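S.K.: pasting the sequence and the predicted coordinates here, then a few questions.
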Amino acid sequence: MTRLASLATILAGCATTACGGGGAAVASSGTGAPPTAPSAGSDDWRRVATPADRDRLRRWRDAWMTALPRARAADAAAIAAQGALFNPDGALAGGSAPAGRYRCRVFKLGGAGSAMRDFTAYPAFDCHITDEGRVRSFYKESGSQRPVGLLFADGDRTVFLGTLLLGDERAALQYGQDRDRDMAGLLERVGERRWRLVLPYPRFESLLDVIELVPAE
């Protein structure tokens, strides 16, 4: 398994200096260690998120309402087969996913551009949630597009902020350095042992990404 670069500094600068959404002026450590959390002052996602990502999170339902009908028109059977996974109002109480290894599947809904498909489902891959103390980390371990970032508890919901690694990159970009790589979303429970990471308005390919997480056996 390829170990991703440490997250200790990806978000720490913004979180510890209360930048108020201005973006983190820090770099990945490049140590090859698994993700770890910022050391202090990082449990409030609002102190970390860029203005663009706060806007994306505010418009999460708009993304669902635009992308879901297009995905359903493209493959109604596939949408129906996933049940609560594609129900915008399907989130259950107790949304926090425990630390551990997961099998994850990426679904892209609503093509961003005429050349993109309105529904794409990818095979399962390995991903990991790690308890970092005040926050948790999430990272996808393989594939050409690999989200990596932190999970912030926020009342009944969990907010994800991170960046996207592409190809054979080993170190994540600074959060806030490249808005095309920044990612923001919500981690929600949709079943007894089933969660989804909803990413509204990703910069590539789709209007809404949904990552299903189920514990690895």
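M.R.: Received it, and whenever you're ready, just let me know what you need. Everything quoted here is computed from the prediction, not taken from an experiment.
S.K.: CA only for contacts and neighbour counts going forward, please
M.R.: Will do.
S.K.: just after the longest helix seen in the chain, pick out the following helix or strand.
M.R.: Looking across the chain with DSSP state H, the single longest helix is helix 60-74. Remark: after helix 60-74, the chain's next helix or strand is helix 76-81, criterion DSSP states H and E.
S.K.: what are the ranges of the helices in the protein?
M.R.: Along the chain, counting by DSSP H, helices occupy 12-17, 51-58, 60-74, 76-81.
S.K.: just put those helices in a markdown table and tack on mean neighbour count, mean pLDDT and distance to Ser144.
M.R.: Output for the helices of the chain, formatted as a markdown table (neighbours: other C-alpha atoms under 10 Å; pLDDT from 0 to 100; distance: least, C-alpha to C-alpha, whole Å):
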| stretch | mean neighbour count | mean pLDDT | distance to Ser144 |
| --- | --- | --- | --- |
| helix 12-17 | 22 | 41 | 26 |
| helix 51-58 | 17 | 95 | 23 |
| helix 60-74 | 18 | 96 | 22 |
| helix 76-81 | 13 | 97 | 23 |
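S.K.: around Arg59, count how many other residues there are.
M.R.: 13 (other C-alpha atoms under 10 Å).
S.K.: same thing with Gly176?
M.R.: Number of residues near Gly176 (other C-alpha under 10 Å) recorded here: 27.
S.K.: shaky segments in the protein?
M.R.: 1-42, 95, 114-115, 143, 167 (pLDDT under 70).
S.K.: in it, which strand is the longest?
M.R.: strand 100-111 (DSSP state E).
S.K.: show me what that strand is packed against.
M.R.: Under the contact criterion of 3 or more C-alpha pairs under 8 Å, 6 or more residues apart in numbering; DSSP states H and E, the helices and strands touching strand 100-111 comprise helix 60-74, strand 119-121, strand 125-131, strand 206-215.
S.K.: compute the inter-axis angle for it and strand 206-215.
M.R.: Going by axes from the mean of the first three to the mean of the last three C-alpha atoms, to 10 degrees, strand 100-111 is angled at 160 degrees with respect to strand 206-215.
S.K.: neighbouring contacts of strand 100-111?
M.R.: Outside of strand 100-111, the residues that reach it under the criterion C-alpha atoms under 8 Å, 6 or more residues apart in numbering are 66-68, 70-71, 117-130, 205-216.
S.K.: please apply the same query to stretch 80-88.
M.R.: Applying C-alpha under 8 Å, 6+ apart, the contact partners of stretch 80-88 are Arg61, Trp64, Leu68, Ile79, Gly90, Val190, Gly191, Arg196, Glu212.
S.K.: now the third one, nearest residue through space, not along the chain?
M.R.: Distance criterion C-alpha to C-alpha, 6 or more residues apart in numbering; nearest residue to Leu68, sequence neighbours excluded, is Leu109 at 6.3 Å.
S.K.: and for the one you found, the neighbour number?
M.R.: 31.
S.K.: cool, and the one 10 residues further on?
M.R.: Other residues within reach of Phe119, judged by other C-alpha under 10 Å, total 24.
S.K.: OK, contacts around Pro123?
M.R.: Listed by C-alpha under 8 Å, 6+ apart, the contact set of Pro123 reads Arg105, Val106.
S.K.: buried set for stretch 209-217?
M.R.: Asp209, Val210, Ile211, Glu212, Leu213, Val214, Pro215 (16 or more other C-alpha atoms under 10 Å).
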